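> coords please:
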Amino acid sequence: MNYKLKKWIFTLTAVLAVATFPAVFMYCQNADEAKFSEIVPVLLTFMVIGLLAFVVLRIILRSTSKAAIVSFLFLLVFLNFSIIEDGMKILLPSLRYWHSVPLVIVIILHIAYLINRCMKEEFAEAGVKILGIVFGCLIAVNVAIAVPQIIRNWKVEWGIKKTLAQEIDQKGQLTEKNDDMPNVYLLIFDEYANFPEMEELYGYDNAPLKEFLIKHHFNISYTHHNESIWSHIVQANMVQMDYVAVDSSTTAETYAWRHTGPLFDVMREHGYDIQILERGDFYGGTMPGLSEAAVSKATTMSGESMQDILFKRTVLYPLFRKNNMQIIKDYLTIVEHLCSNAQELERTFTLAYFVFPHEPFIIDERGREVGTGGYSGPEGWSNKDYYLGQFKYTTSKMMIPILESIITDDPGAIIILMSDHGARNAPGVTWELKTNSLNAVYYQGQVVEIEGLSNVNTLRTVLNNLFSLDYKMVDVPKTGDE
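Predicted structure coming up:
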């Protein structure tokens with residue numbers, strides 16, 4: 001292999017290393033939660049842009065090494081433009097996107113001109129080698145650190161698939177399928193506060209829901225507490241119907257515990273089909289008809305995926321503004337599905353999971369968008385109207401319509417209505433209020449005593465009644481940060 005070819009290969013590799021490092025770094029830092037497939041579009045986009053920049057600059061500058069140096073500069077600015085722009089706005093507060101882009105382009109062109117005129121070829125070549133080796137090593141180190149976690153994730157996912165296959169093969173072992181068994185619905189609304197918290201912290205009497213539940217003979221718990229304020233812990237324990245997940249549990253463990261466990265096992269053993277409806281991969285059961293963003297597994301507290309974060313840093317960020325209203329459309333699609341399909345189900349266990357009214361707070365009680373990108377974190381919780389508005393919308397446009405449709409079209413059904421925790425970041429909230437989640441059960445109009453029972457014990461009680469089982473009530477531990 002001659003020198004020129006080796007130089008071209010190394011230079012191209014160096015450009016690709018610089019272009020892909022941010023995406024690879026973010027994936028490796030979040031390998032316990034993220035799938036590699038989530039960053040593939042980002043990697044391909046950054047690689048194409050890096051290669052195009054290099055080829056164009058090579059034609060203009062007629063120097064492979066200098067073209068690579070300028071490509072590095074271009075990629076540095078391209079991949080971190082929003083951060084650079086924020087820094088510029090400190091000096092020029094009135095600066096807008098259409099001002100900053102031309103300004104940065106002019107600066108890059110001037111630097112490129114100086115590099116082409118003043119930098120010696122040998123110095124440029126040495127710079128390419130140094131930067132290529134540095135970024136190559138950074139990628140290698142991050143990948144090496146993440147490999148054990150990636151392997152664990154693969155084992156967990158393989159184990160889930162194997163377990164699911166075995167459970168499906170064994171479905172109906174205990175009973176023959178017949179039409180007498182009711183459909184069962186487990187409806188989970190993340191961060192939906194129970195009645196006492198709304199009254200104490202928000203001064204709001206959630207009468208629309210309370211009156212509906214009482215009118216339709218739901219059993220309601222007002223005084224119970226769950227074990228944690230964290231969704232991944234509480235909901236993993238719900239599927240396990242025991243307290244196996246704790247603070248020290250890994251993301252891979254809680255992911256596996258949510259996907260397979262006694263709750264699903266018992267239902268399948270009694271001949272039930274499993275239907276999971278959600279926006280995301282929390283339980284591994286997203287439904288057709290949702291947006292592409294709905295299948296993302298790893299998201300921040302404000303609901304952003306890795307793609308969102310990476311693209312929002314680039315010069316292309318205006319094209320990738322998060323469409324928060326799409327979140328509402330996706331959830332309303334699930335609502336419509338639940339409302340229109342109740343009559344068609346037969347011996348089906350439906351788990352529907354809504355990450356709502358969980359932050360980010362993006363709509364008011366009438367469904368109108370709040371701000372340009374919603375509110376989350378301290379900014380979102382400091383104004384009580386943000387949570388309260390989204391809470392009211394969840395009740396009137398999602399929760400009650402679903403319950404009405406099921407009770408009307410499938411009156412013999414069993415409905416378990418829950419949240420995992422309350423408004424955990426509300427100003428002045430206590431541990432007791434955070435863990436006092438919504439918990440109500442419709443059991444064909446019958447009385448089922450659930451007052452004071454945690455989510456786990458409520459599920460045990462319902463299954464005891466439904467299948468004549470003998471699950472004992474378990475003590476509720478206290479885990480998770482207060």
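> where's the closest residue to Asp273 other than its chain neighbours relative to His270, distance?
Spatial nearest neighbour of Asp273, excluding adjacent residues (Cβ to Cβ, 6 or more residues apart in numbering): Thr348 at 4.7 Å. For glycine as for every other residue, the C-beta is placed from the backbone atoms N, C-alpha and C. Relative to His270, Thr348 is positioned 12 Å away (Cβ to Cβ, to the nearest Å).
> show me the contacts for the residue nearest to Asp273.
When the contact criterion is Cβ atoms under 8 Å, 6 or more residues apart in numbering, the partners of Thr348 are 183-184, 272-275.
> And those residues, which of them are buried?
Neighbour counting by 16 or more other Cβ atoms under 10 Å classes 183-184, 272-275 among the contacts of Thr348 as buried.
> ok, of the residues you listed, which one's closest to Glu33?
For the buried ones among the contacts of Thr348, the closest approach to Glu33 (Cβ to Cβ) belongs to Ile274, at 23.6 Å.
> So what's the predicted local confidence for the closest one?
The predicted local distance difference test score for Ile274 is 93.
> For the helix or strand harbouring it, which helices and strands make contact with it?
Taking DSSP states H and E as the definition, Ile274 sits inside strand 273-278. In this structure, strand 273-278 packs against helix 262-269, helix 324-341, strand 348-354, with contacts taken as 3 or more Cβ pairs under 8 Å, 6 or more residues apart in numbering; DSSP states H and E.
> can you do 10 Å?
helix 121-169, strand 184-189, helix 262-269, helix 324-341, strand 348-354 (3 or more Cβ pairs under 10 Å, 6 or more residues apart in numbering; DSSP states H and E).
> and the protein, what are its domains?
When the chain is parsed into structural domains using automatic domain parsing, the resulting residue ranges are 3-146, 170-467.
> looking at these, which is buried most?
Here the criterion is mean neighbour count by mean count of other Cβ atoms under 10 Å, and of those the winner is domain 170-467, at a mean of 19.
> By mean pLDDT, show me the worst of the helices and strands packed on strand 273-278.
Taking each of these in turn, the lowest mean pLDDT turns up on helix 121-169, with a mean of 82.
> roughly how far out does it sit from the chain middle?
21 Å (Cα atoms, centre = their mean, to the nearest Å).
> do stretch 33-52 as well
From the chain centre to the centre of stretch 33-52 is a distance of 19 Å (Cα atoms, centre = their mean).
> Torsion angles phi and psi at Leu453?
Note on Leu453: backbone dihedrals following degrees, to the nearest 10 are phi -90, psi 140.
> How about Lys472?
Note on Lys472: backbone dihedrals following degrees, to the nearest 10 are phi -80, psi 150.
> one step back: quick check: the farthest pair among the buried ones among the contacts of Thr348?
Farthest pair in those (Cβ to Cβ) is Asn183 and Ile274. Separation: 11.7 Å.
> Check the contact lists of those two and give me the overlap.
A shared contact of Asn183 and Ile274, defined by Cβ atoms under 10 Å, 6 or more residues apart in numbering, is any residue touching both; here these are 348-350.
> Show the contacting residues for Glu432.
Contact criterion Cβ under 10 Å, 6+ apart gives 196-197, 200, 223, 225, 422 as the residues in contact with Glu432.
> Likewise for Glu122?
Glu122 makes contact with Ser65 under the criterion Cβ under 10 Å, 6+ apart.
> Also Pro401?
Residues counted as contacts of Pro401 (Cβ under 10 Å, 6+ apart) are 332, 335-336, 338-339, 395.
> So which of these is the closest to Val266?
Within those, the smallest distance to Val266 is 22.2 Å, found for Leu338 (Cβ to Cβ).
> looking at the protein, which helix or strand does the model trust least?
One helix or strand of the chain scores below all others by mean pLDDT, DSSP states H and E: helix 121-169, with a mean of 82.
> Kindly calculate the angle that that one makes with strand 273-278.
Between helix 121-169 and strand 273-278, the angle formed by their directions is 150 degrees, by axes from the mean of the first three to the mean of the last three Cα atoms, to 10 degrees.
> re earlier: in TSV, list the shared contacts of Asn183 and Ile274 along with distance to Leu92.
Converted to TSV, those look like this (distance: Cβ to Cβ, whole Å):
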residue	distance to Leu92
Thr348	59
Phe349	58
Thr350	54
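> now, which of those sits nearest Ile363?
Of all the shared contacts of Asn183 and Ile274, the one sitting nearest Ile363 is Thr350; the distance, using Cβ to Cβ, is 25.1 Å.
> so that closest one makes contact with Glu344?
No. Checked against Cβ atoms under 10 Å, the pair Thr350 and Glu344 is beyond contact range at 11.6 Å.
> one step back: reformat the contacts of Pro401 into a markdown table and put distance to Glu191 next to each item.
Supplementary listing: those in a markdown table, determined by distance: Cβ to Cβ, whole Å:
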| residue | distance to Glu191 |
| --- | --- |
| Leu332 | 18 |
| Val335 | 18 |
| Glu336 | 22 |
| Leu338 | 20 |
| Cys339 | 23 |
| Thr395 | 13 |
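> Tell me the one of these nearest Ser63?
Proximity of the contacts of Pro401 to Ser63 was ranked by Cβ to Cβ; the top entry is Leu332 with 56.2 Å.
> from the contacts of Glu432, which two are the most distant?
Farthest pair in the contacts of Glu432 (Cβ to Cβ) is Glu200 and His225. Separation: 14.6 Å.
> In helices, which of the contacts of Glu432 fall?
Secondary structure of these is defined by DSSP state H; positions in helices are 196-197, 200.
> In a markdown table, list these along with pLDDT and distance to Asn116.
Formatted as a markdown table, the entries for the ones in helices among the contacts of Glu432 read as follows, by pLDDT from 0 to 100; distance: Cβ to Cβ, whole Å:
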| residue | pLDDT | distance to Asn116 |
| --- | --- | --- |
| Pro196 | 95 | 70 |
| Glu197 | 95 | 64 |
| Glu200 | 95 | 68 |
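> Quick check: of the residues you listed, which lies closest to Tyr386?
Distances from Tyr386 to the ones in helices among the contacts of Glu432, taken as Cβ to Cβ, are shortest for Glu197 (15.8 Å).
> I'd say the closest one and His225 touch.
No. Contact criterion Cβ under 10 Å: Glu197 and His225 do not qualify, at 11.4 Å.
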